[in-house]
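S.K.: sequence below, structure please.
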Amino acid sequence: MTDFGAIDALLAGAKKEVPLPPTEERRALREELSVSRAQLAQALNVSPSTVGGWESGRDPSGEVREKYAYFLEGARTKLAAAAVEEPGPDEEPLPDEEAVADVATVESEQRTGPGPDDADDVEALSVPRPCVLCGQLAGHQVAGFPQHLDPAECGTSGPVQPASGGGQSTAARGVKVVPVGRRLKAADTPDLIGSAVAGALAQHSGDVEAATAALLKRAIPDAMALLDETRKGGRYDVVAHPWLPDILRKQSARGADQIWEARPKWSRAELPPGEHEITALDINGAYLSALKTHLPIGQLEHSTGDHHDRRRAGVHLITPPDWEHDAYLPNPIGNRDEPGPLWVTEPTLRMLLRLAGPKYGLCAPPEIHESWTSGATEGLLEKFRVALKDARDRAIAEDDEVTLEYVKAMYSKFVSTLGESNYNRELYRTDWMHMIRSQAFVNLWWKAHRAYDEGLMVVRAMGTDELHVIGDWRAVFPEGRAVTEVKVKDVYTVGLAEDAEDAEDAEDAEDAEDAEDAGADSAG
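M.R.: Have a look, this model is predicted:
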């Protein structure tokens, strides 16, 4: 073979690597199809961590690259085909925080004409579909989301729930339209927390205790003011008193509603023999972290059937799965004695579905009977949470106990008074209250699972922020006061008293046996 022949053979056998989409698109394509990393890894005969690496920047090579590219191209084609199909009632597009169109702006454009970048966003629907804001049928869609173009038509026909302060609320829906131009003129959130603390200290001549007491009394209205400020720039505002189904209403004046929050109250039944040092860990800012959860942004709508739409959030009537790991991990639905179906929140259901998935396989999937849900976003309270977190971090760094106590009161009272409360008549969102609380319980459960997975022995899990473990916990959790860290609440020892008591009982038994033997010898 000549040199030219060898080159021709090389060129004939050479293959150009199959192109792959950008790394951020790879994960999005997989998740849009609800395919887990474990499922894809099994199909490609690789490990889930390898798939994770591909979604983080590394590229496969050889035959597996061709298979991976084939999956991604197929996923893209499948999703594109689904996007052009007319969705049914249960396949309503997700009204994302930054994707829901500003109806008031659209109304203004009807008078002045849409701009060059917005001309294709508004379309007439051949068949009316539920508005993402109010749930009533709308004849148009904006940026792909069905909604009313006239705010006067949006949310006016639904039932009106009495406000907690008496009378009737004029808002009957879960969202309302932002005034024209507000989103475009949004500025950075002013430091309302720092201003309030400085003002209280000045008013009380630097008296820390008096300033703190004054700030705690105004924590609820101040939290509402901060929430309103942080909502500027969003596509919609929060409605204070939306209509809610009966399951979210108290059954009696002093009773509770029907929602089960899955609060953990678990202790390990048995410990190995011997003496053990147990560390009680305190989870920092549990409710603050739980503000990041999927919350419904529209009117809750009823549905039936064993189906979960991850684009929506609400409460669900489920039959929970059996839990066979109570010897070393708490039940994800908490301590519940009554069998049968129960109403749980979105965070609890998502955790059960995740635990039933191929990655964990710890239980069977829960059976969903019916649901009250709306389009959801995880970022509804995100700016509010970040403002509180940043103020808390600064207070810790500066050893500012006044601000620290004030911020803690703001987020804890915000959550605790979202339901029917005489202390907070500005915002009545019982559904949010249950979901935020449940998210805090879910966060604690996952910390318990992480401790177990990393080789610690989990002894107790209580409420939102208490986790007791045996072992080198500092190798698992960072220590500190930040919300991503934990601090030591207590250190205690178990096993010593029991061992001493057992030894004493054994010694008494031995003495009694010696005495009996001595008596027998004397009688002989």
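
S.K.: quick one, strands of the stretch 151-300 of the chain?
M.R.: Secondary structure of the stretch 151-300 of the chain (DSSP state E, counting those that start in this stretch): strands located at 175-177, 236-238, 259-260, 265-267, 276-283, 295-296.

S.K.: can I get those strands in a markdown table including mean pLDDT and distance to Ala364?
M.R.: Any C-beta I mention is one placed from the backbone N, CA and C, and that applies to glycine too. Formatted as a markdown table, those follow (pLDDT from 0 to 100; distance: least, Cβ to Cβ, whole Å):
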| stretch | mean pLDDT | distance to Ala364 |
| --- | --- | --- |
| strand 175-177 | 39 | 36 |
| strand 236-238 | 58 | 37 |
| strand 259-260 | 94 | 19 |
| strand 265-267 | 94 | 20 |
| strand 276-283 | 96 | 29 |
| strand 295-296 | 91 | 27 |
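
S.K.: which among those is found nearest to Asp222?
M.R.: Evaluated over the strands of the stretch 151-300 of the chain, closeness to Asp222 peaks at strand 236-238, with 16.1 Å, by Cβ to Cβ.

S.K.: dump the strands of the stretch 151-300 of the chain into CSV; add mean neighbour count and distance to Val458 as well.
M.R.: Compiled in CSV, those are given as follows (neighbours: other Cβ atoms under 10 Å; distance: least, Cβ to Cβ, whole Å):
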stretch, mean neighbour count, distance to Val458
strand 175-177, 24, 40
strand 236-238, 21, 38
strand 259-260, 22, 22
strand 265-267, 14, 9
strand 276-283, 17, 10
strand 295-296, 26, 29
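
S.K.: which of those strands sits closest to Glu485?
M.R.: Going by Cβ to Cβ, the one of these nearest Glu485 is strand 276-283, 9.1 Å.

S.K.: helices or strands up against the closest one?
M.R.: Secondary-structure packing of strand 276-283 (3 or more Cβ pairs under 8 Å, 6 or more residues apart in numbering; DSSP states H and E): helix 430-453, strand 457-462, strand 466-470, strand 486-494.

S.K.: just the mean pLDDT for the host helix or strand of Arg354, thanks.
M.R.: Per DSSP states H and E, Arg354 falls inside helix 346-356. Mean pLDDT, helix 346-356: 97.

S.K.: may I see the buried residues of it?
M.R.: Neighbour counts over helix 346-356 (16 or more other Cβ atoms under 10 Å) mark Glu346, Pro347, Thr348, Leu349, Arg350, Met351, Leu352, Leu355, Ala356 as buried.

S.K.: try stretch 242-259
M.R.: Residues of stretch 242-259 classed as buried by neighbour count (16+ other Cβ under 10 Å): Pro242, Trp243, Leu244, Ile247, Leu248, Asp257, Ile259.

S.K.: need the contact list for the fourth one.
M.R.: To tie it back to what came earlier, the one meant is Ile247. Taking Cβ atoms under 8 Å, 6 or more residues apart in numbering, we find Ile247 in contact with Asp257, Gln258, Ile259, Val315, Trp343, Trp372.

S.K.: what's the spacing between it and Ile318?
M.R.: Plainly put, Ile247 is 13 Å away from Ile318 if you go by Cβ to Cβ, to the nearest Å.

S.K.: let me know the pLDDT of the residue nearest to Thr293 when sequence neighbours are not counted.
M.R.: In this structure, Thr293 finds its nearest non-sequential neighbour in Gln439, 3.9 Å apart by Cβ to Cβ, 6 or more residues apart in numbering. Note for Gln439: predicted pLDDT of 96.

S.K.: what number of residues are in the vicinity of Gln439?
M.R.: For Gln439, the tally of surrounding residues (other Cβ atoms under 10 Å) stands at 27.

S.K.: ok, the one 3 residues further on next?
M.R.: Using other Cβ under 10 Å, Val442 is surrounded by 26 other residues.

S.K.: would you reformat the contacts of Ile247 as TSV and include distance to Leu444?
M.R.: Below are the contacts of Ile247 laid out as TSV (distance: Cβ to Cβ, whole Å):
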residue	distance to Leu444
Asp257	22
Gln258	23
Ile259	18
Val315	20
Trp343	21
Trp372	25
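
S.K.: what's the most distant pair in those?
M.R.: Asp257 and Trp372 (12.0 Å).

S.K.: what is in contact with these two at once?
M.R.: Ile247, Leu248.

S.K.: list the buried residues in stretch 61-69.
M.R.: Neighbour-count burial for stretch 61-69 flags Arg65, Lys67, Tyr68, Ala69 (criterion: 16+ other Cβ under 10 Å).

S.K.: I meant stretch 415-435, not that one.
M.R.: 415-419, 421, 424-435.

S.K.: can you tell me the strand partners of the top strand by length along the chain and which way each runs?
M.R.: Longest strand of the chain, by residue count under DSSP state E: strand 367-377. Strand 367-377 sits in its sheet next to strand 295-296 (antiparallel), strand 301-304 (antiparallel), strand 312-319 (antiparallel), going by DSSP bridges.

S.K.: measure how that strand sits relative to helix 346-356, angle-wise.
M.R.: Strand 367-377 runs at 120 degrees relative to helix 346-356, counting by axes from the mean of the first three to the mean of the last three Cα atoms, to 10 degrees.

S.K.: Arg474 is in contact with Val486, correct?
M.R.: No - Val486 is beyond contact range of Arg474, at 9.4 Å (criterion: Cβ atoms under 8 Å).

S.K.: those two: who's more crowded?
M.R.: When neighbours are counted by other Cβ under 10 Å, Val486 and Arg474 differ, and Val486 comes out ahead with 23 against 11.

S.K.: is that one bridged to anything, and to what?
M.R.: Ile283, Glu479.

S.K.: report pLDDT for it.
M.R.: Val486 carries a pLDDT score of 95 in this model.
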